[in-house]
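1. The following comprises the amino acid sequence and a computationally predicted model.
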Amino acid sequence: MIRVLIVEDEPLIADAHREYIGRVDGFEVAAVAHTASDALRAVAAAARNGAPIDLVLLDIGLPDMSGLEVAARLSAGRPSPDIIAVTSNRELEVVRTAVSRGVVLYLLKPFTFAALQDKLEQYLAYRWALRDAETATGQHDIDRAMSALRTSNSRPSTPKGISPATLARVAGYLRTTDSPRSAAEVGAAVGVSRVTAWRYLERLADDGAASRITEYGRAGRPQVRYVLKR
């Protein structure tokens, strides 16, 4: 299992990332940090305990220190985890700096589960190829390992109009209840309209995070309820 540290200052979004990672085979969440300082301490503690962090899902915009500085410090340590940067910053200079400081993949916010899954699968292919390259001496083996990180990503980020914070709130509410909920119930619970709640519930269902349950009454339209997949 690849041990992942989530570094995200917004708790609801961090919970969504934890939910997403838990659904990808081969990965497990080792810890969650909401600040740069907590992230550095978590990596150091994991190394001391003999269970080092393999991969850091790193938000660049942290409250106490730039994620780019965190990346530089992590890359200078031993053992040093690999890093996937998670940010809404699209400036090429930031991308160049991130790569120079050990970032292996760059994921733009907002994104869907499918987009994150794609990055994690790229990273997993890279890890397997590196393992094979350790016993190989040919240029082809090295090139194959590096090319795994450069596979084009055809999976979309979150469509316009979808807020990752609201998506996390909707998913968080579903996580607290054992019974399927309608869009009206979810909207009332998280403070959005029924139509808005329905859009986010449909997004969760399309991403495979939630299931749709159709209930047929004696009269009128069937009602669709949603439940988070466990």
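-> Sure thing, it's come through. Residues are numbered from 1 along each chain as shown.
2. From now on I want contacts and neighbour counts done on CA atoms only, so please keep to that.
-> Will do.
3. got the residue ranges for the helices in the protein?
-> For the chain, the helices defined by DSSP state H occupy 11-21, 36-48, 67-76, 92-100, 113-133, 139-147, 164-175, 183-190, 194-206.
4. Just send these back as a markdown table, with distance to residue 226 and mean pLDDT too.
-> Shown next, in a markdown table, are the helices of the chain (distance: least, C-alpha to C-alpha, whole Å; pLDDT from 0 to 100):
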| stretch | distance to residue 226 | mean pLDDT |
| --- | --- | --- |
| helix 11-21 | 16 | 85 |
| helix 36-48 | 34 | 95 |
| helix 67-76 | 36 | 92 |
| helix 92-100 | 38 | 84 |
| helix 113-133 | 17 | 79 |
| helix 139-147 | 40 | 52 |
| helix 164-175 | 8 | 84 |
| helix 183-190 | 8 | 92 |
| helix 194-206 | 7 | 85 |
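5. So for residue 4, which of those helices sits nearest?
-> Nearest of the helices of the chain to residue 4, taken as C-alpha to C-alpha: helix 11-21 at 8.4 Å.
6. List the single closest residue to the residue nearest the centre of the chain in space, sequence neighbours excluded.
-> Central residue of the chain (C-alpha atoms, centre = their mean): residue 17, 4.0 Å from the mean position. Computed as C-alpha to C-alpha, 6 or more residues apart in numbering, the closest residue to residue 17 that is not its neighbour in sequence is residue 6, at 7.4 Å.
7. so what's the one you found up against?
-> Residues near residue 6 by C-alpha atoms under 8 Å, 6 or more residues apart in numbering: 14, 17-18, 29, 31-33, 56-58.
8. ok, the residue nearest to the centre of the chain to residue 76 distance?
-> 26 Å (C-alpha to C-alpha, to the nearest Å).
9. Quickly list the domain ranges of the protein.
-> 2-150, 164-228 (automatic domain parsing).
10. What is the end-to-end distance of the last one?
-> As for domain 164-228, its first-to-last residue distance stands at 17 Å under the measure C-alpha to C-alpha.
11. Report the distance from that domain to the chain centre.
-> Counting by C-alpha atoms, centre = their mean, to the nearest Å, domain 164-228 is centred 21 Å from the centre of its parent chain.
12. swap in stretch 1-11?
-> With C-alpha atoms, centre = their mean as the basis, stretch 1-11 stands 8 Å off its chain's centre.
13. buried ones in it?
-> 2-9, 11 (16 or more other C-alpha atoms under 10 Å).
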